[in-house]
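S.K.: need a structure here:
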Amino acid sequence: MRSSHRRNALFFIAISSMFTWASAQNNTQNAPWPNKAVRIIVGFPGGSSPDLTARTLAEPLSKALGQPVIVENRVGAGGNIAADLVAKATDNHTLGLMINGNLTIAKLLNPKVPYDPLKDFKPVSLVGVSPLVLMAPQNAPGADGPAFLAAARQAGDGWSYGSPGVGTVGHIGMELFKAQTGIKPVHVPYPGYAQVANAMIGGQLHLSMLPPALATAQVKGGRLRAIGVTSSGRSPLAPDLPSMAEVGVANFNLEIWNAVAAPKSMPAPVVARLSTLISEIARSPEVRQKLFQQGWQVVGSSPEGLSNRIQSDAVLLGRIIKSLAISSQ
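M.R.: As a prediction, the model looks like this:
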């Protein structure tokens, strides 16, 4: 009899424990989000463009969520170290502010990259876009864009172009431009865009693609010449510069961009909420103006919009990477 009572007691304890566990699980799943600080991991140093964008979004996002939003800089490997940390985060409170290379072509350039850009993230929002500007020395030949390209074709591999490194958009974009226009300048990598601009001013380079802020500053200073922006239409960031179509290069559209992405483990309702908030914040007049001053034309897209951009750019740039066997290893 005592044995029977003991079995019954153990049975009821087991059932009670199961209900307690199930209740705890349910409460955890239905807990308000966020219930602690949210991290935005950035793969570049303080004061860099991605860092400034993240910090511009952080304060209004914190107000909207009612929790601190902390920007954490984890520098290295062109942003890929930070991207890997985001991909592997499981706390549901970690986001990444990333550049397009981290979310599209990172693994194509280096198979050793420990995350898959197309599989390990949930897109949240495309924040801002910017074309590059095709630049040349002040004394470059040709009275206009088409005449300059004609001179570049005639020069063959006697000309050289600069980029901020192998595998960067400035490098792959120029190779895409070469394939579409038939010009053949030789690639010379530099540590950054500033060094590329200085090399052109010094006469060591014949052309390159620079960010609009740097490009327009060089043009206004009379040090370099702008041929056109690398988008199919004129850009609000440099409205006085001709588009590629005006230069005579049809269907050429190359932009750099930044975006917010979440780990694949982030619950869909949280991603949807974050996307709505970040899009609204980015498009607000005050934040839009700040991002514009930083060199970004605000988009503030849905997750689907960012996903489409990731896939299309991965195909566009991936084609050049594969055809030329470009590697950043």
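S.K.: tell me the contacts of residue 206?
M.R.: Residues near residue 206 by C-beta atoms under 8 Å, 6 or more residues apart in numbering: 136-137, 140, 152, 155, 159-161, 185, 200. Where you see a C-beta, it was placed from the backbone N, CA and C, and this is true even at glycine.
S.K.: Could you look up the SS state of residue 103?
M.R.: Three-state call for residue 103 (DSSP: H, G, I helix; E, B strand; the rest coil): helix.
S.K.: so how many other residues sit close to residue 283?
M.R.: By the criterion of other C-beta atoms under 10 Å, residue 283 has 13 neighbours.
S.K.: can I assume it is in contact with residue 298?
M.R.: Yes: counting by C-beta atoms under 8 Å, residue 283 touches residue 298, with 5.9 Å between them.
S.K.: And stretch 212-224, what's buried?
M.R.: Buried residues in stretch 212-224, counted by 16 or more other C-beta atoms under 10 Å: 212-216, 218-219, 224.
S.K.: let me redo that: stretch 114-125
M.R.: By neighbour count on 16+ other C-beta under 10 Å, the buried set for stretch 114-125 is 115, 117, 120-125.
S.K.: List the ones among the buried residues of stretch 212-224 that fall in helices.
M.R.: Per DSSP state H, helices hold the following members of the buried residues of stretch 212-224: 212-216, 218-219.
S.K.: can you put those residues in JSON lines and add pLDDT and distance to residue 40?
M.R.: Output for these, formatted as JSON lines (pLDDT from 0 to 100; distance: C-beta to C-beta, whole Å):
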{"residue": "212", "pLDDT": "89", "distance to residue 40": "24"}
{"residue": "213", "pLDDT": "87", "distance to residue 40": "23"}
{"residue": "214", "pLDDT": "91", "distance to residue 40": "25"}
{"residue": "215", "pLDDT": "93", "distance to residue 40": "28"}
{"residue": "216", "pLDDT": "90", "distance to residue 40": "29"}
{"residue": "218", "pLDDT": "95", "distance to residue 40": "32"}
{"residue": "219", "pLDDT": "94", "distance to residue 40": "34"}
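S.K.: Any stretches of this protein with poor pLDDT?
M.R.: Residues of the chain that meet the criterion pLDDT under 70 lie in 1-31.
S.K.: Next, name the residue at the spatial heart of it.
M.R.: residue 99 (1.9 Å; C-alpha atoms, centre = their mean).
S.K.: That residue pairs with what?
M.R.: Beta bridges link residue 99 to residue 258, judged by DSSP bridges.
S.K.: So it sits against residue 261, correct?
M.R.: No: using C-beta under 8 Å, residue 99 is not in contact with residue 261, being 10.9 Å away.
S.K.: just to revisit the earlier point, from the buried residues of stretch 212-224, pick the one nearest residue 37.
M.R.: Relative to residue 37, the closest of the buried residues of stretch 212-224 is residue 213; by C-beta to C-beta it sits at 31.9 Å.
S.K.: hey, where'd the helices end up in the stretch 151-300 of the chain?
M.R.: Along the stretch 151-300 of the chain, counting by DSSP state H, counting those that start in this stretch, helices occupy 169-181, 193-201, 212-220, 244-247, 268-283, 285-293.
S.K.: ok, and what's touching the longest one?
M.R.: Contacts to helix 268-283, defined as C-beta under 8 Å, 6+ apart, come from residues 33, 57, 60-61, 64-65, 92, 95, 122, 124-125, 127-128, 260, 262, 287-288, 291, 298-303.
S.K.: go again using 6 Å as the cut-off
M.R.: For helix 268-283, contacts defined as C-beta atoms under 6 Å, 6 or more residues apart in numbering pick out 33, 57, 60, 64, 122, 124-125, 127, 260, 262, 287, 298, 300, 302-303.
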